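# Give me the fold of what follows.
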Amino acid sequence: MTVDFALRLASAAARVLAPRRGRVLIGKDTRLSGYMFEAALEAGFVAAGVDVLLIGPLPTPGVAYLTRHFGCDFGVVISASHNLYEDNGIKFFDGSGGKLSDALELQIEAELAATPVTRPSGELGRAKRVDDSRAQYQDFCRGTLPAGMTLDGLKIVIDCANGAAYKVAPRTLADLGAEIVPIGCSPNGRNINDGCGSTNLQLLQLTVPGVHAHLGVALDGDGDRLMMVDHLGRQVDGDQLLYVLACARKAAGELHGPVVGTQMSNLGLELALRRQGIGFERAAVGDRYVLARLKETGGTLGGETSGHILCLDRTTTGDGLIGALQVIAALRSSGKSLAELAAGMQKFPQVLLNVAVQERFDPMKVASVQRAVEQVRGRLGEAGRVLLRASGTEPVVRVMVEGSDDRQTRECAEILAEAVRAARP
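Below is the predicted model:
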């Protein structure tokens, strides 16, 4: 990620997504480098004849919503999600607030080598800030609750990871009547995701029982992931939140299609949903694959263990704040605590090992690994699950084993890890 790359990317995206002028919304998280890349993207788009709306720090799903709300041709988010501040990235949304298709992404990549466009002065785009429009996203989030529902009487600790949601999330919850205890809401450009947020719950787990709050909400740096903490300080992860939401939707007669998780979703989620008579399907790891499967099946609820929660009956993309509001609505409707609702799902012990390899290969195409997998599956029986896959970003093979017994699960994971290390692809 360099300024030169961001400038060329803006020009390439403009040629593909807005070839005859157009309008783009640019949002970002709180990283120090975000201002630099924002300026580069703005220059590239304006030079290519595209009008630019600058929204400032706003959660990724908020940018998706406002892209659609303002009738933009596409939207851009400058963020590296849950990574520390040294990293950054650029994400695109189409005019409907959805992710770009693979075909459009390939077209943009093909244009990157071309010289950036600079139109004649009379054809340049215009740029303006629309920072005050973030209140419209807050109104949208509040509107996803049942009519007339408030959060009066609830005490909530909100951890925004010193990231993009540091303003809108506390304000939204407070406007609904909750008593708010904010942590991770003081960004300085370098402290995003640093010891806080959905990837590090320790402070939240201490704070919630310490201030006698009803629950805690943790978002990641760009606000699209959600983890929660019950009143005792215990983590409630994405699988458990999906279970709570699925049961609430079914009780309200609002559940459509199967719930969609991923290959990494805990076996306990699948079994708990089955007991409730709720269908469950697994997609490949990644929220874009969960979204694709939901659209194929007509489902509206899906997500990942890491906290990407998709409520397609409320919005178009994973949204940590909207996900939290839906869980809180389930508590209000049932009169039960988060701990009580999550107790219906028993998490199976899950062990994940990253095995370093010299070069990427498909472990399931190696005979010795296949034999080890069959051996482990025989030991685990129906109360276990095995998944081996090569990482798409680094030279490791990820080994995941689930079972009903923690010690046996760990032993089986080590057996498979050793088989991968010894493999000769």
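# Show the pLDDT at Asp102.
Looking at Asp102, its pLDDT is 89.
# Tell me, how many residues neighbour it?
Asp102: 9 surrounding residues under other C-beta atoms under 10 Å. Where you see a C-beta, it was placed from the backbone N, CA and C, and this is true even at glycine.
# same question, Arg190
13.
# Quick check: Asp406 touching Pro349?
Yes: using C-beta atoms under 8 Å, Asp406 is in contact with Pro349, at 4.1 Å.
# Neighbour count: the two, which is higher?
Pro349 (19 against 12).
# Go ahead and confirm that one touches Gly403.
Yes: with contact defined as C-beta under 8 Å, Pro349 reaches Gly403; the gap is 6.1 Å.
# Find residues that contact each of these two.
Thr409 (C-beta atoms under 8 Å, 6 or more residues apart in numbering).
# Can you classify Ala213 as helix, strand or coil?
coil (DSSP: H, G, I helix; E, B strand; the rest coil).
# show me what contacts it?
Taking C-beta under 8 Å, 6+ apart, one finds Lys155, Ile156, Val157, Val181, Thr207, His231 in contact with Ala213.
# And the fourth one, how far from Gly320?
By that I understand Val181. According to C-beta to C-beta, to the nearest Å, Val181 and Gly320 sit 18 Å apart.
# Then the second one?
From Ile156 across to Gly320, the span is 14 Å (C-beta to C-beta).
# Neighbour count for these two, which is higher?
More neighbours surround Gly320 than the other of Ile156 and Gly320, with 31 against 23 (other C-beta under 10 Å).
# what sits against the more buried one?
Each residue near Gly320 by C-beta under 8 Å, 6+ apart is listed here: 59, 61, 165, 169, 198, 217, 219-220, 223-226, 307, 309.
# Just the buried ones from these, in ChimeraX syntax?
Of the contacts of Gly320, the buried ones can be selected in ChimeraX as follows, counting by 16 or more other C-beta atoms under 10 Å:
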select :59,61,165,169,198,217,219,220,223,224,225,226,307,309
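# With pLDDT and distance to Ala113 added, can I get the contacts of Gly320 in CSV?
Listed next are the contacts of Gly320 as CSV, based on pLDDT from 0 to 100; distance: C-beta to C-beta, whole Å:
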residue, pLDDT, distance to Ala113
Pro59, 97, 33
Pro61, 96, 32
Ala165, 98, 36
Ala169, 98, 40
Ser198, 97, 37
Val217, 98, 44
Leu219, 98, 37
Asp220, 97, 33
Gly223, 97, 33
Asp224, 96, 31
Arg225, 96, 34
Leu226, 98, 39
Gly307, 96, 37
Ile309, 97, 38
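# so which of the contacts of Gly320 comes closest to Cys412?
Closest approach between those and Cys412, by C-beta to C-beta: Gly307, at 26.6 Å.
# Report the beta-bridge partner residues of the residue nearest to that closest one when sequence neighbours are not counted.
The shortest distance from Gly307 to any non-neighbouring residue, by C-beta to C-beta, 6 or more residues apart in numbering, is to Arg225 (3.8 Å). Arg225 has these beta-bridge partners by DSSP bridges: His308.
# hang on, Arg225 packs against His308?
Yes: in this structure Arg225 lies within contact range of His308 using C-beta under 8 Å: 5.7 Å.
# Helices along the stretch 151-300 of the chain, start to end?
Using DSSP state H, counting those that start in this stretch, the helices found in the stretch 151-300 of the chain span residues 168-175, 202-210, 238-251, 267-275, 287-297.
# thinking again about what came up before, mutual contacts of Arg225 and His308, please.
Gly238, Gly318.
# avg pLDDT for the helix or strand hosting Gln408?
According to DSSP states H and E, Gln408 maps onto helix 406-422. In this model, helix 406-422 has an average pLDDT of 95.
# That concludes my questions; thank you for your assistance.
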